[in-house]
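Asker: Kindly generate the corresponding structure for this input.
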Amino acid sequence: MIQLEKERKLFCEHGKICYEIALFKEAKKKDIKDIMAGKKFAKKFSKENLEYIWKSDAKILLRNLPGVDMQLQRNKVVNLKLASKKIDGIIVKPGEEFSFWNLVGRTRKGYLEGMVVHNGKIGKGIGGGLCQMANMIHWLVLHTPMEVTELHHHSDALFPDVKRRVPFGTGTSICYKALDYRFKNTTKYPIQIRVWLDDTMLYGEIRSTAPLDKKYRIIEEDNHYAPDENGVYFRNSKVYRIIINKETKEEIKRELILENHSRVMYDYSLIPKEEIRVN
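Answerer: This next block holds a predicted model:
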């Protein structure tokens with residue numbers, strides 16, 4: 001009788017100390033890579049608002065998500081408040097990059113357990129929920145001419161839509177420091193990020209010293225669900241960014257920025273029947 005060899009654990013799975021060593025090693029590797037590439041990251045702050053708002057938005061803080069303890073959502077609000085203090089007012093000069101983790105740093109003192117997603121499964125971890133801040137900033141950046149330089153899409157559809165206001169798939173995964181969210185200011189003007197919270201909403205703005213001469217719209221088309229040959233359902237859609245001349249109102253460019261093909265990880269009975277497409 002052949003006995004199958006047990007799958008070896010990763011080094012980081014051999015306890016908390018090993019995990020911390022692995023995390024430190026990966027962070028330093030990324031830092032060295034950034035130095036070798038000559039990256040220039042934004043460091044200057046100003047709480048005096050730059051004059052022109054390029055884009056603003058607000059996101060609901062607490063949502064009733066199936067299978068998620070609301071205490072994790074409340075903890076997330078605490079985590080977002082701590083992170084916002086590290087980001088609010090950052091000035092990104094022309095040629096500089098914004099790095100989420102270079103500003104926020106390790107989520108240690110004061111941070112609580114919030115919801116995290118690992119390998120397509122929902123769990124909890126210290127500092128969980130900060131992806132909502134990264135999602136907000138990415139949504140703002142999509143409405144500007146700046147260049148996203150690091151983005152990690154969520155690969156699965158974890159929850160049914162609950163008061164969704166933005167196209168599916170336009171968020172980003174983050175994990176210190178391996179999965180960062182970054183963008184580069186490719187304009188000739190400095191920009192400023194303002195983020196703050198009240199009891200119910202997360203707010204964000206991108207400001208600058210000059211107005212934009214273009215308007216940006218993000219739309220989702222061909223949104224549907226379809227099963228594969230094994231009966232596994234996937235959510236599919238295409239997300240476009242439309243660039244419009246503010247003065248003439250004419251469409252300048254229409255670009256495909258994302259094709260969603262995300263495995264549905266929740267109860268299939270919650271999929272709207274009118275959105276199911278079977279070939």
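Asker: Now do the longest helix along the chain: distance to the chain's middle.
Answerer: In the chain, with assignment by DSSP state H, the single longest helix is helix 16-37. Relative to its chain's centre, helix 16-37 lies at 21 Å (CA atoms, centre = their mean, to the nearest Å).
Asker: After it, heading C-terminal, what element do we hit next?
Answerer: The element immediately downstream of helix 16-37 (helix or strand, assigned by DSSP states H and E) is strand 52-60.
Asker: tell me how far the helix or strand that that following strand is followed by is from the chain's mean position?
Answerer: Toward the C-terminus, strand 52-60 is succeeded by helix 70-87 as the next helix or strand (DSSP H and E). Here helix 70-87 is found 15 Å from its chain centre; the criterion is CA atoms, centre = their mean.
Asker: what residues are up against Asp222?
Answerer: Residues in contact with Asp222, defined by CB atoms under 8 Å, 6 or more residues apart in numbering, are 236-238. No exception for glycine: its C-beta is placed from N, CA and C like everyone else's.
Asker: nearest to Trp101, of those?
Answerer: Using CB to CB, Ser237 is the member of the contacts of Asp222 that lies nearest Trp101, at 29.1 Å.
Asker: Helix or strand for the closest one, just tell me which one.
Answerer: Here Ser237 is assigned to strand 233-245, by DSSP H and E.
Asker: Pull up the pairing partners for that strand, direction included.
Answerer: The pairing partners recorded for strand 233-245 under DSSP bridges are strand 214-227 (antiparallel), strand 251-264 (antiparallel).
Asker: and the ones you listed as JSON lines, adding distance to His143 and mean pLDDT?
Answerer: As requested, those are exported to JSON lines (distance: least, CB to CB, whole Å; pLDDT from 0 to 100):
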{"stretch": "strand 214-227", "distance to His143": "4", "mean pLDDT": "94"}
{"stretch": "strand 251-264", "distance to His143": "12", "mean pLDDT": "94"}
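Asker: Please name whichever of those strands is nearest to Thr144.
Answerer: Using CB to CB, the nearest of the strands paired with strand 233-245 to Thr144 is strand 214-227, at 6.9 Å.
Asker: Kindly export stretch 83-99 (C-alpha atoms) in PDB.
Answerer: The C-alpha trace of stretch 83-99 is given here as PDB (Å, rounded to 0.1, in the frame of the first residue of the first chain):
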ATOM      1  CA  ALA A  83      -5.100  54.500   8.200                       C
ATOM      2  CA  SER A  84      -6.800  57.700   7.100                       C
ATOM      3  CA  LYS A  85      -4.500  59.700   9.400                       C
ATOM      4  CA  LYS A  86      -1.500  58.300   7.500                       C
ATOM      5  CA  ILE A  87      -3.000  59.200   4.100                       C
ATOM      6  CA  ASP A  88      -5.100  62.300   4.400                       C
ATOM      7  CA  GLY A  89      -3.400  65.400   2.900                       C
ATOM      8  CA  ILE A  90      -0.600  63.500   1.000                       C
ATOM      9  CA  ILE A  91       0.800  65.500  -1.900                       C
ATOM     10  CA  VAL A  92       1.900  63.600  -4.900                       C
ATOM     11  CA  LYS A  93       4.100  65.700  -7.100                       C
ATOM     12  CA  PRO A  94       4.500  65.200 -10.800                       C
ATOM     13  CA  GLY A  95       6.600  62.100 -11.400                       C
ATOM     14  CA  GLU A  96       6.100  60.800  -7.800                       C
ATOM     15  CA  GLU A  97       4.200  57.600  -6.900                       C
ATOM     16  CA  PHE A  98       1.600  57.000  -4.200                       C
ATOM     17  CA  SER A  99       2.100  53.800  -2.300                       C
END
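Asker: show me where pLDDT drops low in the stretch 101-250 of the chain?
Answerer: Counting by pLDDT under 70, the stretch 101-250 of the chain has low-confidence residues at 118-120, 162-165.
Asker: how about the strands of it, start to end?
Answerer: Taking DSSP state E, counting those that start in this stretch as the test, the strands found in the stretch 101-250 of the chain are 113-118, 121-126, 147-150, 156-157, 182-184, 191-197, 201-208, 214-227, 233-245.
Asker: So for Phe24, which of these sits nearest?
Answerer: For Phe24, the closest of the strands of the stretch 101-250 of the chain is strand 121-126, at 15.8 Å, according to CB to CB.
Asker: Buried residues, the closest one. List them.
Answerer: Across strand 121-126, burial judged by 16 or more other CB atoms under 10 Å covers 122, 124-125.
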